[in-house]
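Peer 1: here's a sequence, model it:
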Amino acid sequence: MGLLLIAACASLAAWLWLTFAQGMFWRTDVRLPPRTAPARWPSVAIVVPARDEAGVLPRSLPSLLAQDYPGEARIVLVDDGSSDGTAELAHRLAARQPGLPLTVVTPGDPPSGWTGKLWALRHGIAHARATATATAPVTAGSQGPEYLLLTDADIAHEPDSLRELVAAATSAGLDLVSQMARLRVDGFWERVVVPAFVYFFAQLYPFRRINSPTARTAAAAGGCVLLRTEAAVRAGIPDSIRQAVIDDVSLARAVKRSGGRIWLGLAERVDSVRPYPALGDLWRMVSRSAYAQLRHQPLLLAGTVAGLVLVYLVPPAALLAGLAAAPSPGRTATAWAGGLAWLLMAGTYLPMLRYYRRSPALAPLLPLTALLYLLMTVDSAVQHYRGRGAAWKGRTYARPSDA
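Peer 2: Got it, this is the predicted structure:
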């Protein structure tokens with residue numbers, strides 16, 4: 001019981017620190033900052049990288065075509081080598097629904113050293129800047145559209161989404177405004193895994209620290225990023241991050257390092273429409289980039305596994321072992337330490353469950369979900385060393401140093 005008591009006390013100390021000193025990561029009230037309509041609405045190019053997205057495009061693209069934006073806006077959908085008719089479907093959807101003008105372009109396969117999404121974004125941004133219309137002409141020194149909305153093909157926006165994003169950026173003087181789209185939680189495994197995914201992300205990248213100009217923490221949510229074109233040019237986006245598998249975090253870091261102001265929060269009217277009906281679908285979503293997040297370092301992997309065990313698995317183990325052991329001061333202390341740590345864990349998870357409109361009964365099950373994430377992370381490393389790491393839609397990316 002001695003070692004378990006030490007581990008339980010360490011876990012409790014970790015949870016006290018996480019709860020009160022990790023940027024209040026568990027709060028879900030970080031939404032778009034106060035905003036007012038600008039005197040002049042800037043021009044915007046909406047760039048949508050898409051690879052084999054015919055299954056979700058009918059729900060996402062019409063929401064972009066229907067954007068109620070007072071200024072000039074256009075959509076550039078970049079068909080990244082799709083084999084399911086994504087480009088043709090995009091043209092049909094645009095023909096059926098009058099709205100923002102749509103252009104579909106194809107960049108070809110990415111060259112060595114580029115991930116597919118970033119190569120598609122590069123092509124889409126270049127096209128948008130080169131084809132600025134007469135109402136927003138490209139003059140000497142101009143950089144084309146004043147803002148870029150980088151959004152994924154599985155993200156649906158309410159009609160006022162672009163307007164609110166631009167108003168937030170112009171009101172607060174922000175170079176990057178990103179919203180973490182509300183992911184789908186319809187199926188059993190989605191309800192178990194998805195809210196925890198966002199919870200873990202916020203724990204690793206507390207939104208309040210990201211949004212502080214004086215803090216070094218930087219991250220974005222790649223499904224919805226409004227980026228000032230001038231800031232993109234200054235940060236060398238996307239060329240400076242062309243090898244990044246976790247492109248949204250890398251993008252935010254590049255912008256913040258170059259002196260830009262960034263903001264990230266939870267979305268209210270931006271939703272992911274991609275289904276993850278089976279555990280295997282969610283497993284692949286996490287494992288494809290988990291080891292890349294650890295920079296492909298075995299020591300970081302070992303530390304992450306140890307940390308997950310200590311923080312998430314020790315508390316229930318300590319409580320149950322303490323209750324099952326023969327009465328003793330050590331047993332009581334072990335049970336109390338484990339129980340209090342588990343209580344803090346579940347309590348900090350409740351706001352995220354409320355945000356996703358899920359039952360609070362899922363909060364005590366977070367250790368089981370954390371165990372799943374631990375296994376996904378280990379599997380990510382295994383797949384990497386088997387040569388199948390960072391695989392997505394038929395492409396496998398080497399670590400940046402090997403690319």
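
Peer 1: what about the strands in the stretch 51-200 of the chain?
Peer 2: Along the stretch 51-200 of the chain, counting by DSSP state E, counting those that start in this stretch, strands occupy 73-79, 102-105, 147-151, 155-157, 176-182.

Peer 1: what pairs with the fourth one, and is each one parallel or antiparallel?
Peer 2: In other words, strand 155-157. Looking at strand 155-157 with DSSP bridges, its partner strands are strand 262-272 (antiparallel).

Peer 1: any idea which helix or strand comes after the strand it pairs with?
Peer 2: Past strand 262-272, heading to the C-terminal end, the next element that is a helix or strand (DSSP states H and E) is helix 279-293.

Peer 1: buried residues in that following helix, which are they?
Peer 2: Of the residues in helix 279-293, those buried by neighbour count under the rule 16 or more other Cβ atoms under 10 Å are 279, 282-293. Yep, even glycine has a C-beta here, placed from its N, CA and C like the rest.

Peer 1: for Gly265, state which of these is nearest.
Peer 2: Gln293 (20.9 Å; Cβ to Cβ).

Peer 1: if I've got this straight, Ile46 is in a strand?
Peer 2: Yes - the assignment for Ile46 is a strand, going by DSSP: H, G, I helix; E, B strand; the rest coil.

Peer 1: distance of it from Pro111?
Peer 2: 25 Å (Cβ to Cβ, to the nearest Å).

Peer 1: circling back to that earlier point, got CSV for the strands of the stretch 51-200 of the chain, with mean pLDDT, distance to Thr217 and mean neighbour count too?
Peer 2: Formatted as CSV, the entries for those read as follows, by pLDDT from 0 to 100; distance: least, Cβ to Cβ, whole Å; neighbours: other Cβ atoms under 10 Å:
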stretch, mean pLDDT, distance to Thr217, mean neighbour count
strand 73-79, 97, 30, 24
strand 102-105, 97, 35, 18
strand 147-151, 98, 20, 27
strand 155-157, 98, 24, 24
strand 176-182, 98, 13, 26
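
Peer 1: tell me how many other residues crowd the closest residue to Glu53 other than its chain neighbours.
Peer 2: Take Glu53 and drop its neighbours on the chain: the residue closest to it by Cβ to Cβ, 6 or more residues apart in numbering is Ala153, 3.9 Å away. Each residue near Ala153 was counted by other Cβ atoms under 10 Å, and the total is 27.

Peer 1: and the gap between Ala153 and Val193?
Peer 2: As for Ala153, its distance to Val193 is 22 Å (criterion: Cβ to Cβ).

Peer 1: same check on Pro110?
Peer 2: The span separating Pro110 from Val193 equals 30 Å under the rule Cβ to Cβ.

Peer 1: circling back: format the strands of the stretch 51-200 of the chain as TSV; extra columns: distance to Pro33.
Peer 2: Formatted as TSV, the strands of the stretch 51-200 of the chain follow (distance: least, Cβ to Cβ, whole Å):
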stretch	distance to Pro33
strand 73-79	21
strand 102-105	30
strand 147-151	16
strand 155-157	18
strand 176-182	8
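
Peer 1: ok, which of those comes nearest Gly222?
Peer 2: Of all the strands of the stretch 51-200 of the chain, the one in closest proximity to Gly222, counting by Cβ to Cβ, is strand 147-151 (7.3 Å).

Peer 1: packing partners for that closest one?
Peer 2: Packing partners of strand 147-151 (3 or more Cβ pairs under 8 Å, 6 or more residues apart in numbering; DSSP states H and E): strand 44-50, helix 116-130, helix 161-172, strand 224-228, helix 229-235.
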